[in-house]
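Engineer: my questions concern the predicted model and sequence given below.
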Amino acid sequence: MSALSQLYLPGAIAVWCALAFALAALWGYVDLARGDESARGFARRAYAFFTLAVLASAFVLLVALARRDFRIDYVFQYSGLDLPWHYQLAAFWAGQKGSFLIWLFWGALIGVPLTRSIGRHEGPVMGIYVLAQLGLLFILVRENPFLMLDHAPADGQGLNPLLQDDWMVIHPPIMFIGYALSAVPFSFAMAALWKKDASDWAARAFPWALAGFLVLGTAILLGGYWAYATLGWGGYWGWDPVENASLIPWLFGTALVHGLYLERTRSRYRRANMVLAVLVFLSVLYGTFLTRSGVLADFSVHSFVDLGISGWLIGLMAFFGGLAALLLATRLRTVETRPNEDPALSRGTFLVLATIAILSCATVVTIGTSAPILTRFMENPGQVGPEFYNRVNLPIALLVAFLLAFVPFMTWRGEESARAVLRKALPGLAAGFLATCVGLGLGVTNPLHAIFLFLAVSALATNLQRVVRLARDRKLASAGGYLAHVGVGIILVGFMASSAYDESVKVTLEQGKPVSLGSHSLTFERFLPRDAHDKERAEVAVTRPDGKVWLAYPKIFVNDRTQQLMVHPAIRSGPLDDLYLSPLEYSPGSPGGFARLQLAKNESREIGDATVRFLGFNLQAEGNALVNMSAGKPVAIGAVLEVTRAGRTERVEPVYRFEQSGRTEFPPLSLPGGGRVAVGAINATAGAVELLFDGLGSTAAVPARLSLDVTRKPLVSLVWWGMYVIFAGGTLALVARARQLRKLDDLPPAGRAAV
Amino acid sequence: MSKKAWTVLGVVLLIAFAGFAFAAFRTSLTPYVSYREAQGGTRTVQVAGALEKGSTSYDESASALRFTLRDPQTGDTLRVRYEGVKPANFEDAISIVAIGRWSPGPAEFAAGKLLVKCPSKYQGTEVKSYS
Ligand code: HEM
Ligand code: HEM
């Protein structure tokens, strides 16, 4: 804890108030959960004040950033005078402390609509939820963003140039909404166990679980797109720990969504869902621990060092993990659930297999990401590369695609024979078959890839068939799941094509010289200086086979403040493929220094591959020089030269102009065979001339060169489109589930338990 | 097939998958090693060190970046070749992790991937003084 004088009081007081009110709210809600109705008003008020205090502390930090109050250490570290307003805003979450604050900010806000959707469970659910917020608050009190410096620096250190990007304004805050949402299903599950009342937890948690799935997915998409489009990491996904840290909870969340669906429709899976809800929340904490504690400092491209909070994060995980384990161990048995009475070949089985597949994927990613910890005690701790994830996830993806292809036609009771299901799926399977033929024609060679393509396109088609059918019956509102699956089919095709069939070459382009690459031709035209709109960038003309030219602008620039070299790729996105130009190196070349040569009359010298003889001055170059001189007019004197090069001799006459005012002019003249010459000075007394040569001999100009990594990535656009379709489906499902919840709340209490 | 048989089949498949995943984990694990161990080794490993100032050169004909890493503890050095997109913040890295394997011909470490650690985003780079 720091002394008062080291704290910026408005912010620090707001944080402490938030802590006090959160404790009060916890107290009130626990009382309420214990049956003391009179505690409701107190608890709600305390929660409202907690929210206000959190908002106030965020507001204080925002104002400090806007005022550029560099006395505050956090503002000093992440902001600077040169930052435009939106990067000032981004500085809020550029650092550890601010990112916990924004997490808490969303957490507090989410609690407000949450209280309205929980009906009679307000006490226990909010009690657990406030406990989760308290965990964050403890970290925030320790990692206080309102520490002050003992002096007021004139300028801050500025935002890391890597983060000076529009995506930085949007990606992190959305990620933290997703993180904050993960506490909601957890709270519902824990509350249901605590109060031994699980009759309607699934209905209530469902919209929240879908919201978390959507928001976290959006944040992942934004992060992936950022990495792909502006950072030039070469791909949208690198299996970096920080990426996995959000993928794992998203996968658990996807499993939870399916489990809740099964619970809502068949009253099965209730116990499993509680475990899944716990896993979503714990995996968020675990991901935070992995990326913020420094355990992976040597294993991630994101630089995370030990910030002294690993102890806290381990404590949080232990506390919530312990709480969950205790409740699950003692109460899970009491949760009534219906046994599985469905036959083997049924919708229910497929859903169970789907959750198992998604959970396997989550487990594999967790184990892979934890490799440095798991191998910590070995002689040489290590990590696993992308090939691990790719290899192990391939069978899972095959299973997912297979299940998805048939699930639209599966029924609960399994009345339909396997044959009938196959018959219904036939149009979709035909589409898959066609796509596979096209794929084989286009160069798919690996048989596993062919099977994968077949299943993924079949899944896309059968689910699409179902969506269209539902839309025709005016039941589009209930088509959310199938629409999401169409997206999954699309994205699976995109994953395969863009990762297994990308082609990449490295080229070095000399300025002005076209180089052909396959059917394209690339010319490095020029290097453009920084201007009002853009950073320094190269202009590369890419000529396509049809003769159309695309001007690409890969960027290479140096950040003013840190002198850090930054590169941004240029991407031409098309429906079939993306052409991805990543700058590797730029050497500006040299314009060719001038060679100086002094020649007396009739003297001849060699320079480069030419021999130059000075024949004498021409005083009549532009009017009579002597007359002009005495009249005070500009004077021009020519130097008559004989240049012999490659056996040919030619005469050239560069001129030298000067005025009384002292202004001189010596325009260069092109030489036969390349290079240029100009008269640098005239030595009238000696009758000699000083010549300047450019581009001759050893001083020849070195052309600017640009080295590029040129990659063709087939069907990357499908990855983005697949995600959009998944989100569209998820949104439909969210609306439908929220509507069901509203109906539930309209029922009298007696009817609710039955739902 | 009875339900029981399906369940057994499922469990067997799951165990087989776990075995497969474990094998993949073992083969793709890239351990951290010293430069000495990296030299002459045949498997993919990772090494870490500080970039030797001024040791960086870009070979256009081979599209390769070459540089020297120095182990801050032992003072050993290792020549590294990397054929990828040069990371944005390469020059001012405080530490670089190279993942790859020893290439005996040119006697250099051929890295397939670089992790560049910069002065942390989460911590100021300059020494500050609190009262
Ligand atoms: C889907 C996986 C993710 C991708 C592809 C991704 C991508 C990125 C990229 C490219 C940057 C800026 C460059 C850099 O920091 O090196 C960034 C920064 C950031 N991301 Fe993510 N990110 C992902 C997951 C996360 C997660 C799980 C969080 C935490 C909740 C997060 C929060 C942030 C924050 C706070 C920043 C700015 C400060 C920093 O560099 O850490 N992102 N992300
Ligand atoms: C592994 C194979 C999968 C199977 C067998 C499967 C099965 C199902 C089923 C039967 C439904 C209910 C559809 C309905 O009748 O309304 C559903 C809903 C859904 N699925 Fe899947 N699914 C799978 C994978 C996925 C994946 C990978 C995602 C997303 C990334 C996903 C996202 C959704 C969504 C968002 C819903 C809507 C939930 C709701 O109705 O509220 N599914 N899934």
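Structural biologist: Happy to help now that I have it. Ligands and ions are numbered 1, 2, ... in the order given.

Engineer: what's the burial count for A:Ser425?
Structural biologist: No Ser there; residue A:425 is Ala. 22 (other C-beta atoms under 10 Å in any protein chain shown). Just so you know, the C-beta spots here come from the backbone N, C-alpha and C atoms, and that holds for glycine as well.

Engineer: ok, residue 62 - contacts?
Structural biologist: I'll assume chain A. A:Leu89, A:Phe92 (C-beta atoms under 8 Å, 6 or more residues apart in numbering or on different chains).

Engineer: I was after chain B.
Structural biologist: Neighbours of B:Ala62 in contact, by C-beta under 8 Å, 6+ apart: B:Glu83.

Engineer: which pLDDT value goes with it?
Structural biologist: With respect to pLDDT, B:Ala62 scores 70.

Engineer: assumed it was part of a strand.
Structural biologist: No - using DSSP: H, G, I helix; E, B strand; the rest coil, the assignment for B:Ala62 is coil, not a strand.

Engineer: which secondary structure element contains A:Phe614?
Structural biologist: strand A:610-618 (DSSP states H and E).

Engineer: list the buried residues in that strand.
Structural biologist: A:Ala610, A:Val612, A:Arg613, A:Phe614, A:Phe617 (16 or more other C-beta atoms under 10 Å in any protein chain shown).

Engineer: and it, which strands flank it?
Structural biologist: Sheet pairing of strand A:610-618 (DSSP bridges) gives strand A:604-607 (antiparallel), strand A:635-645 (antiparallel).

Engineer: continuing past that strand, what's the next helix or strand?
Structural biologist: helix A:625-630.

Engineer: and that following helix, what does it pack onto?
Structural biologist: strand A:635-645 (3 or more C-beta pairs under 8 Å, 6 or more residues apart in numbering or on different chains; DSSP states H and E).

Engineer: and the residue most central in space within chain A, helix, strand or coil?
Structural biologist: Nearest to the mean C-alpha position of chain A, by C-alpha atoms, centre = their mean, lies A:Gly223 at 1.9 Å. Secondary structure, three-state DSSP: A:Gly223 is helix.

Engineer: related to what we said a few turns ago, pLDDT of the strand holding A:Phe614, averaged?
Structural biologist: In this model, strand A:610-618 carries a mean pLDDT of 89.

Engineer: kindly report the same for stretch A:456-465.
Structural biologist: 96.

Engineer: so that stretch, near ligand 2 or not?
Structural biologist: No - using C-beta under 6 Å from any ligand atom, stretch A:456-465 stays clear of ligand 2, with a minimum separation of 8.2 Å.

Engineer: C-alpha coordinates for that stretch, CSV please?
Structural biologist: Below are the C-alpha coordinates for stretch A:456-465, written out as CSV (Å, rounded to 0.1, in the frame of the first residue of the first chain):
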residue,chain,number,x,y,z
ALA,A,456,-17.1,-29.0,-44.3
VAL,A,457,-18.9,-28.1,-47.5
SER,A,458,-21.6,-30.7,-46.7
ALA,A,459,-22.0,-29.2,-43.3
LEU,A,460,-22.3,-25.8,-44.8
ALA,A,461,-24.9,-27.0,-47.3
THR,A,462,-27.1,-29.1,-45.1
ASN,A,463,-27.3,-26.4,-42.4
LEU,A,464,-28.0,-23.8,-45.1
GLN,A,465,-30.7,-26.1,-46.5
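
Engineer: quick one, phi psi at the closest residue to A:Ala132 other than its chain neighbours?
Structural biologist: In space, and not counting its chain neighbours, A:Ala132 is closest to A:Ala183: 4.2 Å by C-beta to C-beta, 6 or more residues apart in numbering or on different chains. With angles defined as degrees, to the nearest 10, A:Ala183 sits at phi -80, psi -20.

Engineer: I'd like to know how many residues surround A:Ala183.
Structural biologist: Applying other C-beta under 10 Å, I find that A:Ala183 has 29 neighbouring residues.

Engineer: and if you look at the one 5 residues further on?
Structural biologist: For A:Phe188, the tally of surrounding residues (other C-beta under 10 Å) stands at 31.

Engineer: residues contacting it?
Structural biologist: A:Ile118, A:His121, A:Val125, A:Trp201, A:Arg204, A:Ala205, A:Trp208, A:Ala277.

Engineer: next one: the residue most central in space within chain B from B:Ala93, what distance?
Structural biologist: Centroid-nearest residue in chain B, with C-alpha atoms, centre = their mean: B:Ile99, separated by 2.5 Å. For B:Ile99, the distance to B:Ala93 equals 15 Å [C-beta to C-beta, to the nearest Å].

Engineer: ditto for A:Thr230
Structural biologist: 20 Å.

Engineer: near ligand 1, anything from stretch A:178-192?
Structural biologist: Yes - on the criterion C-beta under 6 Å from any ligand atom, stretch A:178-192 is in touch with ligand 1 at A:Tyr179.

Engineer: next, see if that stretch gets close to ligand 2.
Structural biologist: No - with C-beta under 6 Å from any ligand atom as the criterion, ligand 2 is not reached by stretch A:178-192; the gap is at least 13.3 Å.

Engineer: need the residues that contact the strand holding A:Phe614.
Structural biologist: Outside strand A:610-618, the residues that touch it by C-beta under 8 Å, 6+ apart are A:597, A:599-606, A:637-645, A:651, A:653, A:671, A:673, A:675, A:677, A:682, A:687-689, A:691, A:696.

Engineer: and the longest helix seen in chain B, what does it pack against?
Structural biologist: Using DSSP state H, we find that the single longest helix of chain B is helix B:3-28. Helix B:3-28 sits against helix A:347-369, helix A:386-406, with contacts defined as 3+ C-beta pairs under 8 Å, 6+ apart.

Engineer: rebuild those helices as TSV, extending it with mean neighbour count, mean pLDDT and distance to ligand 1.
Structural biologist: Output for the helices and strands packed on helix B:3-28, formatted as TSV (neighbours: other C-beta atoms under 10 Å in any protein chain shown; pLDDT from 0 to 100; distance: least, C-beta to the nearest ligand atom, whole Å):
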stretch	mean neighbour count	mean pLDDT	distance to ligand 1
helix A:347-369	21	94	11
helix A:386-406	20	94	13
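
Engineer: please convert those to CSV, extending it with distance to A:Gly443.
Structural biologist: Formatted as CSV, these follow (distance: least, C-beta to C-beta, whole Å):
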stretch, distance to A:Gly443
helix A:347-369, 28
helix A:386-406, 19
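
Engineer: could you dump those helices to a markdown table with distance to chain B?
Structural biologist: Putting the helices and strands packed on helix B:3-28 into a markdown table (distance: least, C-beta to the nearest C-beta, whole Å) gives the following:
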| stretch | distance to chain B |
| --- | --- |
| helix A:347-369 | 6 |
| helix A:386-406 | 4 |
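
Engineer: how about those helices, which one is nearest A:Gly156?
Structural biologist: Counting by C-beta to C-beta, A:Gly156 lies closest to helix A:347-369 out of the helices and strands packed on helix B:3-28; the figure is 33.6 Å.

Engineer: quick check, nearest of the buried residues of strand A:610-618 to ligand 1?
Structural biologist: A:Ala610 (53.8 Å; C-beta to the nearest ligand atom).
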